[in-house]
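Peer 1: test case, fold it:
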Amino acid sequence: MSAWIDSHCHVGADEAGQIVADAAEAGVGALVTVGCDRATSVGALDLAKRFANVHATVGLHPHEARHGVDTISDLFDGPVRPVAVGECGLDYHYDHSPRDAQRAAFAAQIAMAHELRLPLVIHTREAWTETFDLLDAETTPERTIFHCFTGGPDEARACLDRGAYISFSGIVTFPSATDVRAAANVVPLDRLLVETDSPYLAPVPNRGRRNRPAWVPLVGAAVAELRGIAPDEVRDASTSNAGSAFDLHRLAFPVQDS
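Peer 2: Numbers count the residues shown, from 1 in each chain. Predicted coordinates:
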């Protein structure tokens, strides 16, 4: 029997041991912990070195785009190889970084994914058209993941047209998220991922609490219910997809004391 994979989470060093243990007890066999700037990317790489079933990405979130990709570029050459570039993209809801800086950082990270032959993890909010335009201009990497998908069926089809994977978070468990829930029926099983985006967006029935990777089976169960299939089908498909998207089988590190 396969285990779940949390394809996108944010794990702090001080809580990593308990989080990994709790996840394993809940049937979650691997975690992808995600970098958003230099500090969080370094932290993710450190955790990937400590735990065999924790994998790290290195990226510059659109909120941090003003700092420039030079602040993270050297981290791809260290002793622990990241499994992806990102999360990166465009966020026009908060505009914590100027939009021109966001676009420049996103384009640069698309280029890095191509150069390094790594997948690209995308964060997009209220910027679908611009996100697709940049991907088309720079060429969408062969392995691209739209994380924490917040669009509807039309946006999902546009992602699929570009060969991307689509990752659903706890939002898919919210009854009010009608567009996201409708999109969960559009995405083929072989392009679907599940994530927590923890510590954010805890799924029902834990909404409002601090999220954790151990709750990714709740996300998968919600997707399964929407599609009218067994949770095991979502688990097996999403785990296989995450392994392919991030090439997880090629990495293994000895587990050190936490």
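
Peer 1: tell me which element Ala158 is part of?
Peer 2: helix 153-161 (DSSP states H and E).

Peer 1: that helix packs against which elements?
Peer 2: helix 128-138, strand 165-168, helix 178-183 (3 or more CB pairs under 8 Å, 6 or more residues apart in numbering; DSSP states H and E). Any C-beta I mention is one placed from the backbone N, CA and C, and that applies to glycine too.

Peer 1: give me that answer again for 10 Å
Peer 2: With contacts defined as 3 or more CB pairs under 10 Å, 6 or more residues apart in numbering; DSSP states H and E, the secondary structure elements packing on helix 153-161 are strand 120-125, helix 128-138, strand 144-146, strand 165-168, helix 178-183.

Peer 1: turn those into CSV, columns for mean neighbour count, distance to Pro199 and mean pLDDT.
Peer 2: Output for those, formatted as CSV (neighbours: other CB atoms under 10 Å; distance: least, CB to CB, whole Å; pLDDT from 0 to 100):
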stretch, mean neighbour count, distance to Pro199, mean pLDDT
strand 120-125, 26, 16, 98
helix 128-138, 16, 25, 98
strand 144-146, 27, 20, 98
strand 165-168, 27, 17, 98
helix 178-183, 18, 20, 98
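
Peer 1: with distance to Glu15 added, can I get those in a markdown table?
Peer 2: Formatted as a markdown table, these follow (distance: least, CB to CB, whole Å):
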| stretch | distance to Glu15 |
| --- | --- |
| strand 120-125 | 22 |
| helix 128-138 | 32 |
| strand 144-146 | 24 |
| strand 165-168 | 22 |
| helix 178-183 | 28 |
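
Peer 1: looking at these, which is closest to Val216?
Peer 2: Among the helices and strands packed on helix 153-161, the nearest to Val216 by CB to CB is strand 165-168 (10.1 Å).

Peer 1: how far out from the middle of the chain is the closest one?
Peer 2: 8 Å (CA atoms, centre = their mean, to the nearest Å).

Peer 1: what strands line up against that strand, and which way round?
Peer 2: Each strand paired with strand 165-168, and its direction, by DSSP bridges: strand 144-146 (parallel), strand 192-194 (parallel).

Peer 1: hey, C-alpha coordinates of whatever helix or strand comes next after the last one in CSV?
Peer 2: Going down the chain from strand 192-194, the next helix or strand is helix 216-227, by DSSP H and E. Listed next in CSV are the C-alpha coordinates belonging to helix 216-227 (Å, rounded to 0.1, in the frame of the first residue of the first chain):
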residue,chain,number,x,y,z
VAL,A,216,-3.1,15.8,3.8
PRO,A,217,-5.2,12.7,3.8
LEU,A,218,-8.2,14.9,4.6
VAL,A,219,-7.5,16.9,1.4
GLY,A,220,-7.3,13.8,-0.6
ALA,A,221,-10.5,12.4,0.9
ALA,A,222,-12.3,15.6,-0.1
VAL,A,223,-11.1,15.3,-3.7
ALA,A,224,-12.1,11.7,-3.8
GLU,A,225,-15.6,12.5,-2.5
LEU,A,226,-16.1,15.2,-5.1
ARG,A,227,-15.1,12.8,-7.8
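
Peer 1: next, the buried residues of the helix or strand that helix 216-227 is followed by.
Peer 2: Next helix or strand after helix 216-227 toward the C-terminus (DSSP H and E): helix 231-246. Within helix 231-246, the residues scored as buried using 16 or more other CB atoms under 10 Å are 231, 234-239, 241-242, 245-246.

Peer 1: how much does helix 231-246 deviate in direction from helix 216-227?
Peer 2: Relative orientation of helix 231-246 and helix 216-227, computed by axes from the mean of the first three to the mean of the last three CA atoms, to 10 degrees: 110 degrees.

Peer 1: which strands and helices sit next to helix 231-246?
Peer 2: strand 4-9, strand 28-33, strand 54-58, strand 144-146, strand 165-168, strand 192-194, helix 216-227.

Peer 1: nice, that's everything, thank you.
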